[in-house]
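**Q** please work out how this folds:
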Amino acid sequence: MKNSKIKIVPNEQGTTVRESSNKDIHYVRLQQSSIKVANNFLKKVTLSCLVFGKHDELVETFSSLKFLPGKLVIKETLVPSDERNLKRAGSDDAPICMSGDQPIYRTIIYDPTSSLEDTLIPHTNVDEIREFHNDEEFVPADTEVSEAQA
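**A** Numbering: from 1, shown residues only. Alright, predicted model coming up:
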């Protein structure tokens, strides 16, 4: 399905380059929407990621832009990474998606070439997730990184 252009998203004050919890590192938020079909269900999905770097380099690269070429790509793995990257079946209190007895870790990356594809790992704890969602069909929430991850 077709992806929208990648937007460079400013904060509420209109600032594109933002300071992270490490004062030496700053970041820019990228966001892209697309229409996907999964299990014959059409859904608009919005992905976002943060691009980190030195303040001056981020300003030089991103401050005059509103959009970028390329696409945002989902990368799922069973290799442990930051706890903030655990894939959950919805909200922060939802079950962690598992593959067998291993948690799934999910990150979103910027691919300027548009040549990479999503790498998804099916979760096997379907019954736990359905019970949490009261037996309703679970459709994953949009994937957006939080400001706390910066």
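**Q** pretty sure residue 78 sits against residue 121.
**A** Yes - counting by CB atoms under 8 Å, residue 78 does reach residue 121; the two are 6.8 Å apart. C-beta here means a position set from N, CA and C on the backbone, and glycine is covered the same way.
**Q** what's the overlap in contacts for those two?
**A** Common neighbours of residue 78 and residue 121 (criterion: CB atoms under 8 Å, 6 or more residues apart in numbering): 99, 104.
**Q** so the two - more neighbours on which side?
**A** In this view residue 78 and residue 121 are compared by other CB atoms under 10 Å, and residue 121 has more residues nearby, 17 against 12.
**Q** if you count neighbours, what's buried in the helix-or-strand element of the chain with minimal mean pLDDT?
**A** Every helix and strand in the chain was compared by mean pLDDT, DSSP states H and E; the lowest is helix 126-132, with a mean of 86. Across helix 126-132, burial judged by 16 or more other CB atoms under 10 Å covers 128-129, 132.
**Q** and the strands in this protein, which stretches?
**A** 6-9, 18-19, 26-38, 41-53, 67-68, 71-77, 98-99, 102-103, 105-111 (DSSP state E).
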